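A.B. asks: using only what follows, build the 3D model:
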Amino acid sequence: MTPPHAYGWITDVLVLLPLLGALVLWIVPWPRRVAGVVALLFSIAEIGFWIAALYDFPFQGLTIAETSRLTWFKDLGVSWHVGFLNFSIWLAGLAVVVMAAAIAYALWVGRERPRAYFGSMLLLTGAIVGVFAAQDLLLFYVFWEAMLIPLYLLVGVWGGPGRSTATLKFVIYTMAGSLLMLASIIVLGLEKGTFDILEILGKGGSSSLWLFLGFAAAFAVKAPLFPLHGWLPDAYREAPAEVAGVLSGVVSKAATYGFLYIGLFIFGAINTGKSSPAGDLRTPILVLSAVGLVYGSLLAFRAPDVRGVVAYSSLAQVSLITIGIFATNVSGFNGAVLQMVNHGLISATLFLLAGIVERRTETGQLDRLGGLARGRPALATVLMATGIIALAVPGSSAFAAEFLILAGIFTYGWGWAVVGAIAIVLAAMYMLRLISAVLHRDVGPAVPAGARDLRFGELAIVVPLVACLLALSVWPAGITDRAFGKNLRQGQNGLQVLVR
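C.D. replies: Model (predicted):
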């Protein structure tokens with residue numbers, strides 16, 4: 001790993017600006033509409049700072065670009081230490097883009113109690129970016145838990161009729177996993193004499209199986225992976241459409257990022273080539289991921305509603321990403337990072353479209369929809385474009401990512417690649433079913449004759465997301481050539497080790 005790059009103040013701003021925006025919204029008594037506009041301006045500014053960070057990023061080897069460190073707890077060696085690696089800066093970009101689209105959609109539909117709502121959305125933005133930037137384990141945990149607070153409010157207060165049950169499940173599952181991770185962080189930090197991730201890596205990481213399991217439990221719940229996905233269907237169905245898009249598109253990526261950076265870097269014998277907890281549990285994790293990949297795809301194919309299809313497809317896609325991560329080679333890593341960005345954009349777009357359809361028809365049940373393509377070319381075009389990319393047709397960014405993942409896992413065993421290929425066929429089946437049920441067939445009983453096409457405001461929200469997907473389809477190497485590059489080599493147990 002190349003030495004840290006003096007990155008100035010941009011990383012600090014990316015983490016703290018949304019938190020400042022949340023405070024401004026909560027303190028200043030803005031009028032109803034103004035509160036949403038202020039939140040949107042903060043989110044757009046966040047995108048601007050991310051572009052500036054990306055422009056200046058030193059993509060040379062596996063690099064970390066960081067701000068100056070500030071001591072937090074001197075006796076424990078805890079510090080405010082933030083910075084992006086080659087692959088995490090793309091995930092931060094995904095987060096700020098999707099959160100801006102979600103805030104814009106909430107402004108468009110006019111959420112109740114806007115100051116509290118938009119403040120919670122900005123707090124969530126800062127927490128997610130903080131997870132991708134934190135280079136201290138306790139700081140990572142603070143941001144990880146901070147995500148739960150606004151999500152609890154956004155689902156529990158603004159959710160649907162079943163929001164209480166959905167919120168309870170989500171909090172119980174998440175807290176259980178997080179407490180195990182906290183215990184692992186404390187033990188690991190005291191054992192190494194520091195909580196700084198880079199210093200822990202410099203000391204060879206950890207060989208403790210139990211500490212790895214503590215982290216893995218938290219990541220598996222938040223992703224979620226089979227069989228810890230019990231909170232998923234209720235939360236995704238009851239949350240506001242834009243919050244469901246954030247949960248599926250962004251929050252789940254914080255978990256897969258944790259598997260990649262903490263799970264494999266700290267517990268994967270990085271720079272040693274020795275046997276490791278991540279290597280020892282590689283096969284069980286791949287088995288659970290393969291089961292989740294097929295199981296989620298089948299449930300998505302049988303789901304009776306739009307949100308159910310997107311929710312269970314997320315279970316499948318997160319499982320595929322995890323397979324790419326535990327392929328533990330350059331191809332798998334690059335494919336996993338590209339698919340994290342792909343799926344985040346696809347899932348967010350589909351959930352926003354689900355919300356748009358529900359506002360026009362007052363239902364998301366597939367058997368009550370149909371015929372929405374007639375007289376609504378904009379809706380049909382956006383949904384078809386997103387669905388086709390999700391199908392992973394050759395030439396799409398999803399195809400590039402899935403090909404890299406399958407090529408990566410093939411080196412570990414051809415059977416894993418076969419399972420992945422089968423799941424890709426199943427993905428085509430459930431996505432084509434969704435498109436047909438919403439756009440084609442006969443006009444459903446819930447579709448009013450006067451249902452409008454996408455309006456300009458709605459197009460301004462979803463088209464940029466689709467444009468990002470199209471740009472990645474044209475140039476997937478924009479991410480894959482800058483996520484890990486070629487500075488990895490084969491180690492023992494099928495793991496990869498970083499070349500210094």
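A.B. asks: so the residue in the chain sticking out farthest from the centre, which of the three states?
C.D. replies: No residue in the chain has its C-alpha farther from the mean C-alpha position than A449, which lies at 36.9 Å (C-alpha atoms, centre = their mean). For A449, the secondary structure call by DSSP: H, G, I helix; E, B strand; the rest coil comes out as coil.
A.B. asks: got phi/psi on it?
C.D. replies: Torsion angles at A449 (phi, psi; degrees, to the nearest 10) stand at phi -60, psi -30.
A.B. asks: likewise D196?
C.D. replies: As for D196, its main-chain torsions (degrees, to the nearest 10) stand at phi -70, psi 120.
A.B. asks: please apply the same query to the one 10 residues further on.
C.D. replies: The phi/psi pair for S206 (degrees, to the nearest 10) reads phi -130, psi 150.
A.B. asks: which secondary structure elements does the lengthiest helix in the chain contact?
C.D. replies: Of all segments of type helix in the chain, defined using DSSP state H, the longest is helix 330-361. Under the contact criterion of 3 or more C-beta pairs under 8 Å, 6 or more residues apart in numbering; DSSP states H and E, helix 330-361 touches helix 88-109, helix 241-246, helix 252-258, helix 306-325, helix 377-390, helix 397-410, helix 456-474, helix 477-483. All C-beta atoms are positioned from the backbone trio N, CA, C, and that covers glycine.
A.B. asks: wait, what's in contact with the residue farthest from the centre of the chain?
C.D. replies: Contacts of A449 were listed using C-beta atoms under 8 Å, 6 or more residues apart in numbering, and none were found.
A.B. asks: which intervals of the stretch 51-200 of the chain have sub-threshold pLDDT?
C.D. replies: In the predicted model of the stretch 51-200 of the chain, residues 60-63, 65-68 satisfy pLDDT under 70.
A.B. asks: all helices for it, in order.
C.D. replies: In order along the chain, the stretch 51-200 of the chain carries the following helices (DSSP state H, counting those that start in this stretch): 88-109, 114-133, 137-146, 148-158, 163-192, 197-202.
A.B. asks: for the longest helix of the chain, buried residues please.
C.D. replies: Residues of helix 330-361 classed as buried: 330-358, 360-361 (neighbour count, 16 or more other C-beta atoms under 10 Å).
A.B. asks: next, the angle from that helix to helix 456-474.
C.D. replies: Going by axes from the mean of the first three to the mean of the last three C-alpha atoms, to 10 degrees, helix 330-361 is angled at 160 degrees with respect to helix 456-474.
A.B. asks: now helix 330-361 against helix 306-325, angle please.
C.D. replies: On the basis of the same axes, to 10 degrees, helix 330-361 is oriented at 170 degrees to helix 306-325.
A.B. asks: in which helix or strand does the nearest residue to V96 once chain neighbours are set aside reside?
C.D. replies: Computed as C-beta to C-beta, 6 or more residues apart in numbering, the closest residue to V96 that is not its neighbour in sequence is E46, at 4.6 Å. Assigned by DSSP states H and E, E46 belongs to helix 32-56.
A.B. asks: okay, now S164: neighbour count?
C.D. replies: 13 (other C-beta atoms under 10 Å).
A.B. asks: that one contacts Y152, doesn't it?
C.D. replies: No - counting by C-beta atoms under 8 Å, no contact exists between S164 and Y152, whose distance comes to 11.4 Å.
A.B. asks: OK, contacts around the residue nearest to F59 when sequence neighbours are not counted?
C.D. replies: Of all residues beyond its chain neighbours, the one nearest F59 is R482 (4.6 Å), with distances taken as C-beta to C-beta, 6+ apart. When contacts are counted by C-beta under 8 Å, 6+ apart, R482 is found next to 59, 86, 90.
A.B. asks: what's the neighbour count on the second one?
C.D. replies: It stands for N86. Neighbour tally, N86, other C-beta under 10 Å: 25.
A.B. asks: then R455?
C.D. replies: For R455, the number of neighbouring residues by other C-beta under 10 Å comes to 11.
A.B. asks: any figure for the gap between it and A378?
C.D. replies: Computed with C-beta to C-beta, to the nearest Å, the distance linking R455 and A378 is 9 Å.
A.B. asks: can you list the weak-confidence ranges in this protein?
C.D. replies: Across the chain, the stretches falling below the confidence threshold (pLDDT under 70) are 1-8, 60-63, 65-68, 269-274, 485-500.
A.B. asks: switch the cut-off to 50
C.D. replies: Across the chain, the ranges flagged by pLDDT under 50 are 2-3, 6, 270-273, 489-500.
A.B. asks: burial of T328, as a residue count?
C.D. replies: For T328, the count of nearby residues is 26 (other C-beta under 10 Å).
A.B. asks: helix, strand, or coil at it?
C.D. replies: Assigned state for T328: coil (three-state reduction, three-state DSSP).
A.B. asks: mind checking how far it is from L54?
C.D. replies: Here T328 is placed at a distance of 27 Å from L54 (C-beta to C-beta).
A.B. asks: now do V425
C.D. replies: V425 is 35 Å from L54, where distance means C-beta to C-beta.
A.B. asks: who has more neighbours, these two?
C.D. replies: With other C-beta under 10 Å as the criterion, V425 and L54 differ in neighbour count, and L54 comes out ahead with 16 against 10.
A.B. asks: circling back to that earlier point, quick one, the longest helix of the chain and helix 88-109 angle?
C.D. replies: Computed with the same axes, to 10 degrees, the direction of helix 330-361 lies at 0 degrees from that of helix 88-109.
A.B. asks: got the angle for helix 330-361 vs helix 377-390?
C.D. replies: Between the axis of helix 330-361 and that of helix 377-390 there is an angle of 150 degrees, by the same axes, to 10 degrees.
A.B. asks: and helix 330-361, how far out from the chain's middle?
C.D. replies: 9 Å (C-alpha atoms, centre = their mean, to the nearest Å).
A.B. asks: one more: stretch 252-272?
C.D. replies: Using C-alpha atoms, centre = their mean, the offset of stretch 252-272 from its chain centre is 15 Å.
A.B. asks: before we move on, what about stretch 299-306?
C.D. replies: 21 Å.
A.B. asks: restricting to C-alpha, output that stretch in CSV.
C.D. replies: Extracted as CSV, the C-alpha positions of stretch 299-306 are listed here (Å, rounded to 0.1, in the frame of the first residue of the first chain):
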residue,chain,number,x,y,z
LEU,A,299,-38.3,-15.4,-4.0
ALA,A,300,-38.0,-12.3,-6.3
PHE,A,301,-39.5,-14.3,-9.1
ARG,A,302,-42.5,-15.3,-6.9
ALA,A,303,-42.9,-12.0,-5.1
PRO,A,304,-46.4,-10.6,-5.6
ASP,A,305,-45.5,-6.9,-5.6
VAL,A,306,-42.9,-4.5,-7.1
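A.B. asks: if we can go back for a sec, which among the helices of the stretch 51-200 of the chain is found nearest to D280?
C.D. replies: Across the helices of the stretch 51-200 of the chain, the minimum distance to D280, taken as C-beta to C-beta, is reached by helix 163-192, at 16.1 Å.
A.B. asks: the closest one versus helix 148-158: what angle between them?
C.D. replies: Taking the same axes, to 10 degrees, helix 163-192 and helix 148-158 form an angle of 180 degrees between their directions.
A.B. asks: and helix 163-192, what does it pack against?
C.D. replies: Using 3+ C-beta pairs under 8 Å, 6+ apart as the test, helix 163-192 ends up in contact with helix 137-146, helix 148-158, helix 197-202, helix 209-222, helix 232-238.
A.B. asks: what's the angle between the longest one and helix 163-192?
C.D. replies: Relative orientation of helix 209-222 versus helix 163-192 (the same axes, to 10 degrees): 150 degrees.
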